[in-house]
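1. when you get a sec, could you give me coordinates for this:
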Amino acid sequence: MKKLINKFLKPHPGTLSCYPVTKIYIFCPAASATGGPEALHQLGAHLKMLGFNAFMYYYFTSDKQLASALVHENYKKYNVPQADTLESRAEHIIILPETHLLPIFDENLKLIRKVIWWLSVVNYYITQKNLAESVKDERFSKLRQYFGGLGLTPLRWLKRQKNIVHISHSYFSKVHLLSKNIKPIGRISDYMNSAFFDLVNDASPKHDMIIYNPQKNDEFLDEIMQLTPKLNWVPVKDMTPVQVAHVMNSAKLYIDFGYHPGKERMPREACIMRCCLIVGKSGSAAYQEDMPIPDKYRFEKSRDQIPVIIQRINECLTRYDELVIDFKPYREALYHEEEEFTADIKKIFIKVIR
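-> All right, here's what the predicted structure looks like:
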């Protein structure tokens, strides 16, 4: 039995062997509608389309969710079957978002292969910080032992676990994992919701409007806005998807100096809607592999950069028709994200007939 388990736990490098009996359980927070859960549902849907036995397995992150439907209304369209129980066999696989790693320590799941999909680097650290606070309680002494005590970070522990497989989501997450001596077997990103493309209106006239996400930005952008009071700044907040699309279709420029824990959706949406982009260099926004735009639109969050940033803002507004062409390669790439998503899945999940 031990040899059989080792056979399944050590797949061919860079792949996950999937047998006719293999079940792939994708862990997902219940009743949640954010970028991560949508990516998890997209993975389940495409695995099913490719002929794999994929299931969503929902877990609760708050008592409030107990009274909610497990599947959020936004994701019912993906039609991924739901698993209520987990069958721990060496042939099976569980896929965990980086924010939910406790199943790794579940003795009832010790046989099943475990995969971590790193959707967000930052959310991992936030979750681990909260977990570190909770395991100070004596009731969690066994869990504390798994982590080697509070002095040993979970990431160091993960590095030593040869039977845990890692998949990056962004190039940023890949670089971060490699910096911690954790080598992912591959990268699988997500893709823009098809419903969003239906809202694109290439005939919509563009106005001297600058849009931004107030939840992602801070005092750095506030200072830029204070120095440009005559410009038309429009926050994207408290809007329906249709309203967001209308604003993006009309705006010439999207600005984002927030931290990008992964491949953020709003910059991609703005690019698809023919907006120019000006971004910072925090997280994935710093990498061409995650956001392939010319470097002249990417700035450090430094006060001495503000005059240059304001100059670039004015250029994007006054020379929009000329400069928006700089974002055409990125826009075209976004239209092919789903194809790339499928190709990346095929590289990692391999059907094996035995």
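2. hey, let's count contacts and neighbours off CA atoms from now on
-> OK.
3. over to V175. Which of the three states is it?
-> Assigned with DSSP: H, G, I helix; E, B strand; the rest coil, V175 falls in the helix class.
4. tell me the pLDDT at it?
-> pLDDT for V175: 94.
5. could I get the full set of helices for the stretch 101-250 of the chain?
-> Taking DSSP state H, counting those that start in this stretch to define them, one finds helices in the stretch 101-250 of the chain at 121-134, 141-146, 154-160, 171-179, 194-197, 219-227, 241-250.
6. could you count how many residues lie near the closest residue to R312 other than its chain neighbours?
-> Nearest residue to R312, sequence neighbours excluded (CA to CA, 6 or more residues apart in numbering): Y297, at 7.6 Å. Number of residues near Y297 (other CA atoms under 10 Å) recorded here: 17.
7. and P97, by the same measure?
-> As a burial measure, P97 scores 22 neighbours (other CA under 10 Å).
8. where are the low-confidence patches of the stretch 101-250 of the chain?
-> Applying pLDDT under 70 to the stretch 101-250 of the chain flags residues 131-154.
9. please parse this protein into its domains.
-> With domains defined by automatic domain parsing, the chain comprises 2-190, 194-336.
10. adding distance to D344, write those domains out as CSV.
-> Listed next are the domains of the chain as CSV, based on distance: least, CA to CA, whole Å:
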stretch, distance to D344
domain 2-190, 6
domain 194-336, 12
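11. so for V352, which of these sits nearest?
-> Nearest to V352, of all the domains of the chain, is domain 2-190, at 5.0 Å by CA to CA.
12. still on that earlier bit, check contacts around the residue nearest to R312.
-> Contacts for Y297 (CA atoms under 8 Å, 6 or more residues apart in numbering) come out as 277-279, 312.
13. could you do K216 as well?
-> Counting by CA under 8 Å, 6+ apart, K216 makes contact with 256-259.
14. just the residues you listed: which are in strands?
-> Those of the contacts of K216 mapping onto strands are D256, per DSSP state E.
15. in TSV: the contacts of K216, plus pLDDT.
-> Below are those laid out as TSV (pLDDT from 0 to 100):
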residue	pLDDT
D256	95
F257	95
G258	88
Y259	87
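16. any idea which of the contacts of K216 is the one closest to Y25?
-> Nearest member of these to Y25, counting by CA to CA, is Y259, at 30.5 Å.
17. so which residues of the chain form strands?
-> So, for the chain - with DSSP E - the strands run 16-18, 23-29, 53-59, 93-97, 113-118, 164-168, 186-187, 207-212, 232-235, 251-256, 276-279, 349-351.
18. of the contacts of K216, buried ones?
-> Burial by neighbour count, judged by 16 or more other CA atoms under 10 Å, picks out 256-259 from these.
19. gap between S88 and I94?
-> Here the criterion is CA to CA, to the nearest Å. By it, S88 lies 9 Å from I94.
20. report the set of residues contacting both of those two.
-> Common contact partners of S88 and I94 (CA under 8 Å, 6+ apart): I112.
21. neighbour count winner among those two?
-> More crowded of S88 and I94, by other CA under 10 Å: I94, with 23 against 17.
22. quick one: that one from S284, how far?
-> The gap separating I94 from S284 is 26 Å, by CA to CA.
23. and if you look at P267?
-> Here P267 is placed at a distance of 12 Å from S284 (CA to CA).
24. for M273, what are its contacts?
-> 200-202, 245, 248-249.
25. show the pLDDT at it.
-> 96.
26. can you check the one 10 residues further on too?
-> Per-residue pLDDT puts G283 at 90.
27. now it, nearest residue through space, not along the chain?
-> Of all residues not flanking G283 in the chain, H260 sits nearest, at 4.7 Å (CA to CA, 6+ apart).
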